[in-house]
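S.K.: No sequence on hand, only this structure:
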Ligand code: HEM
Ligand code: HEM
Ligand SMILES: [Fe+2]
């Protein structure tokens, strides 16, 4: 770590881990409810659990992204963050709004708009908070000695993500119109601007971990940004198939969303190529594992499993079923969850000065989390395919089909337990690192790398 102010990232990483654990708790509540064990129903009915699960997901990922930006931008711009007290204020207000939102969900204060459940009054607070965050990042970048492509791509990803939150805040009477604009947020986030954030963070990590020249790595970034926008913007059409809009979305959505996996494939090829080119001397193997994992699992979860149900002929049957949950879990984990784990794995030894790089617990955490999520994806896939054939082909009622597929949730719970053990081990390691310290300050970039290179 080169700059004192980078330490502020720790708060965001810690919050991210805490919220992930909470998200998992709600996942288990739903999985048990699906199996017929819904004992908590009176206090946490399924709609509350599902709203909390999905919104906690968004918040822990965003908290991870903010931590990543606070860590990366000073390092890339070669200067301290413009204000640490303001960054801490931004952290606490962000956390408080999050707590109010989650508490509100349990009192029925949510909007029934998947992923965007936070009530409008709180949305304004979120928007204000994010403006504060962006100003801190932008001023740091603009006042910095260097303005690298990596830091621009990351920052522009964050700026666009904030701007795209706005269409989701407009109030529409008509639910079809509301749904149309909800996708501007949800789709254009995960299949658009968040990919820039991902590209920026991956590029930062690959530059540091492989030792390959920045010029080579950043050239790839342009290709990825190009592919993302080319396919992702019109790819939004895959959510407009049978929603009351014009028919042309069938064609546009089908074609452009089928091209979206290319951007993820680009990301995979990029990471693997840089790994092969690199000198493999960096001791932080776990950070490298998580980085490569992100590149590979995002292609599987988002690219391939997205492609599996993106054509209108398929989506007609699979829409809104557990097939979507199958894709949602591996895509979110592979692309964004694993990415947050990669930057945390890289930053923690740097911030704390404790070089716990390649330890048993860290390795076990890596394998258990990833094998667990693959198992969960398989369980959702089996349940989803059964649900589609019963509900959409054989004509079963929703709850009739739900009863037949209960055993799949037993498998889900087993796989989710493996996943959760991996997460808990990772968090255990995170805690063991201790808190960041100024003793970890280095005058030269990544000291671990330079000590060996
Ligand atoms: C480890 C414990 C977890 C369990 C048991 C679990 C279980 C579930 C269940 C049962 C649902 C509801 C499916 C339905 O609509 O009926 C769900 C939804 C969802 N979960 Fe999880 N989950 C877990 C962790 C995660 C993690 C770590 C992520 C992301 C990285 C995640 C992302 C999602 C998403 C995106 C949805 C919405 C899916 C859709 O759009 O249909 N979950 N989860
Ligand atoms: C990292 C990137 C991605 C993430 C995190 C992600 C996650 C999700 C989630 C959570 C949903 C459920 C949304 C909701 O119902 O509100 C969804 C839906 C969908 N995704 Fe993705 N996705 C990603 C990339 C892709 C890609 C690249 C494709 C196509 C190739 C794709 C195809 C679809 C389709 C067709 C649906 C609609 C499913 C339905 O009709 O129920 N996704 N995605
Ligand atoms: Fe989409």
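M.R.: On my side now, so go ahead. Everything numeric here is computed off the predicted structure, so don't read it as measured data. Ligands and ions are numbered 1, 2, ... in the order given.

S.K.: Residue numbers of the chain in contact with ligand 2?
M.R.: 114-115, 186, 190-191, 238, 257, 260-261, 298, 302-303, 306-307, 309-310, 315, 319-320, 324, 327-328, 331-332, 335 (C-beta under 6 Å from any ligand atom). Backbone N, C-alpha and C define where each C-beta goes, glycine included.

S.K.: among those residues, which ones are buried?
M.R.: For the residues of the chain next to ligand 2, a burial check counting by 16 or more other C-beta atoms under 10 Å picks out 115, 186, 190-191, 238, 257, 260-261, 298, 302-303, 306-307, 309-310, 315, 319, 324, 327-328, 331-332, 335.

S.K.: Test my guess that residue 240 contacts residue 249.
M.R.: Yes. With contact defined as C-beta atoms under 8 Å, residue 240 reaches residue 249; the gap is 3.9 Å.

S.K.: re the thing from before, report the entries of the residues of the chain next to ligand 2 that also contact ligand 1.
M.R.: Among the residues of the chain next to ligand 2, the residues within reach of ligand 1 (C-beta under 6 Å from any ligand atom) are 324, 328, 332.

S.K.: Leaving out the residues flanking it, which one is nearest to the last one?
M.R.: With C-beta to C-beta, 6 or more residues apart in numbering as the measure, residue 57 is the residue that lies nearest to residue 332, at 6.4 Å, once sequence neighbours are left out.

S.K.: and that neighbour, how many neighbours does it have?
M.R.: Neighbourhood size, residue 57 [other C-beta atoms under 10 Å]: 23.

S.K.: same deal with residue 24?
M.R.: Look at residue 24: counted by other C-beta under 10 Å, it has 18 neighbours.

S.K.: quick one: the closest residue to residue 430 other than its chain neighbours from residue 283, how far?
M.R.: Sequence neighbours aside, residue 17 is the residue nearest to residue 430 in space, at 5.9 Å (criterion: C-beta to C-beta, 6+ apart). Counting by C-beta to C-beta, to the nearest Å, the separation of residue 17 from residue 283 is 23 Å.

S.K.: Quick check: phi and psi at residue 353.
M.R.: Backbone dihedrals for residue 353, given as degrees, to the nearest 10, come out at phi 80, psi 0.

S.K.: and the closest residue to it other than its chain neighbours, what does it touch?
M.R.: Closest residue to residue 353 apart from its sequence neighbours, by C-beta to C-beta, 6+ apart: residue 440 at 3.2 Å. By C-beta atoms under 8 Å, 6 or more residues apart in numbering, the contact list for residue 440 reads 1, 350-353.

S.K.: Please say which of residue 17 and residue 283 ends up with more neighbours.
M.R.: Neighbour tally, residue 17 and residue 283, criterion other C-beta under 10 Å: the higher count belongs to residue 17, 22 against 16.

S.K.: For ligand 1, tell me whether the helix or strand hosting the more buried one is touching it.
M.R.: Per DSSP states H and E: residue 17 is located in helix 9-35. Yes. Using C-beta under 6 Å from any ligand atom, helix 9-35 reaches ligand 1 at 24, 27-28, 30-31, 34.

S.K.: Can you name the next helix or strand after that helix?
M.R.: Toward the C-terminus from helix 9-35 - assigned by DSSP H and E - lies helix 46-77.

S.K.: Name the residues of that next one that come out as buried.
M.R.: Under the neighbour-count criterion of 16+ other C-beta under 10 Å, helix 46-77 has 48-77 buried.

S.K.: In terms of secondary structure, what does that helix contact?
M.R.: helix 9-35, helix 84-105, helix 120-143, helix 149-165, helix 194-210, helix 338-352 (3 or more C-beta pairs under 8 Å, 6 or more residues apart in numbering; DSSP states H and E).

S.K.: mean confidence score for it?
M.R.: Mean pLDDT, helix 46-77: 98.

S.K.: Can you give the distance of that helix from its chain's centre?
M.R.: Distance of helix 46-77 from its chain centroid, counting by C-alpha atoms, centre = their mean, to the nearest Å, is 7 Å.

S.K.: Next, the angle helix 194-210 makes with it.
M.R.: Helix 46-77 and helix 194-210 meet at an angle of 50 degrees, taking axes from the mean of the first three to the mean of the last three C-alpha atoms, to 10 degrees as the criterion.

S.K.: and the angle from helix 46-77 to helix 149-165?
M.R.: Here helix 46-77 runs at an angle of 150 degrees relative to helix 149-165 (the same axes, to 10 degrees).

S.K.: hmm, helix 46-77 in reach of ligand 1?
M.R.: Yes. Judged by C-beta under 6 Å from any ligand atom, helix 46-77 and ligand 1 are in contact via 50, 53-54, 57.

S.K.: Same question for stretch 36-45.
M.R.: No. Using C-beta under 6 Å from any ligand atom, stretch 36-45 stays clear of ligand 1, with a minimum separation of 11.8 Å.

S.K.: Need the residues that contact that stretch.
M.R.: 26, 29, 32-33, 46, 52, 106, 403, 406.

S.K.: Show me which pair in those residues is furthest apart.
M.R.: Pairwise distances across the contacts of stretch 36-45 (C-beta to C-beta) peak at 27.4 Å, for the pair 106 and 403.

S.K.: So for these two, which residue has more residues nearby?
M.R.: Counting neighbours by other C-beta under 10 Å for residue 106 and for residue 403 shows that residue 106 has the greater number, 15 against 11.

S.K.: show me the contacts for the closest residue in space to the more buried one that isn't next to it in sequence.
M.R.: Residue nearest to residue 106 in three dimensions, not counting chain neighbours: residue 48, with 5.9 Å by C-beta to C-beta, 6+ apart. Contact analysis of residue 48 by C-beta under 8 Å, 6+ apart lists 105-106, 108, 110.

S.K.: Could you turn the buried ones of those residues into a ChimeraX selection?
M.R.: Selecting the buried subset of those in ChimeraX, with 16+ other C-beta under 10 Å as the burial test, is done by:
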select :105,110
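
S.K.: For this protein, give the residue positioned nearest to ligand 3.
M.R.: residue 187 (3.8 Å; C-beta to the ion).

S.K.: What helix or strand is that residue located in?
M.R.: For residue 187, the host element (DSSP H and E) is helix 175-188.
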